[in-house]
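*Asks:* got a predicted structure plus its sequence, pasted below:
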Amino acid sequence: MALETPIASFEFSTGPLRGTQLSLYGTRLLHHGVAQMDSMALGAIAAVRVGYERDARRMGWGVVLALVALLLFAVAGPLSGAAAEAAAEVTGNHSVARLLRVTLLVLGAIASLLPAMGVACLLGGGALAAFGWIGATTLVLSLPAADRAYAVRGQNRMLVDFAELLAERVAQSGR
């Protein structure tokens, strides 16, 4: 059996589909990789959609994490100082006084870790906001049983061009 030459192909170089490829042939679309292969007849594809969208949800969570970081920075100093001051005021050598002093010192130690937690929240929030802003270009194929989505990060003109060619072929196969 002679191997058919693809009309067009698109290789996923990043993301969860990295290492796989969409290949358009005369009568079918093939999604294949090292451990998988999925073939779809062009006549079975009802619609082809492609679009670029920013992820507002990720950007929102990034802003929330940045606000949490600001809150942690604002609370860390006063909480640490209040705990240390209160621990110094506790006098006496009986068990309740020692327990209260140790509890206040532990609270002060935890408060001293809050700025580091704030930095982590700020970095995570920044990353989430950046990935949300970058967005994704998604190719969606409407099949009889379900939709199949193929996404790449950012605005990807090559995937849009591939989708346009695929849509033309799907329209021609429906004649």
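*Replies:* Sure, I can see it. These numbers come from a predicted model, not from an experiment. Numbers count the residues shown, from 1 in each chain.
*Asks:* so where do the helices sit in this structure?
*Replies:* Using DSSP state H, the helices found in the chain span residues 56-89, 95-134, 157-173.
*Asks:* can you tell me how far the most centrally placed residue in the chain is from G60?
*Replies:* Note on the chain: the residue nearest the mean C-alpha position is F131, at 6.6 Å, using Cα atoms, centre = their mean. Computed as Cβ to Cβ, to the nearest Å, the F131 to G60 distance reads 12 Å. Backbone N, C-alpha and C define where each C-beta goes, glycine included.
*Asks:* R148 now?
*Replies:* Taken as Cβ to Cβ, the span from R148 to G60 is 28 Å.
*Asks:* quick revisit: and the residue nearest to the centre of the chain, what does it touch?
*Replies:* Residues near F131 by Cβ atoms under 8 Å, 6 or more residues apart in numbering: D55, R58, R153.
*Asks:* go again using 7 Å as the cut-off
*Replies:* When contacts are counted by Cβ atoms under 7 Å, 6 or more residues apart in numbering, F131 touches R58.
*Asks:* skip the chain neighbours and tell me the closest residue to T14.
*Replies:* Nearest non-adjacent residue to T14, counting by Cβ to Cβ, 6 or more residues apart in numbering: R153, 6.0 Å away.
*Asks:* okay, and the helix or strand of this protein with the least pLDDT?
*Replies:* Lowest on mean pLDDT, DSSP states H and E among the helices and strands of the chain sits strand 37-41, with a mean of 91.
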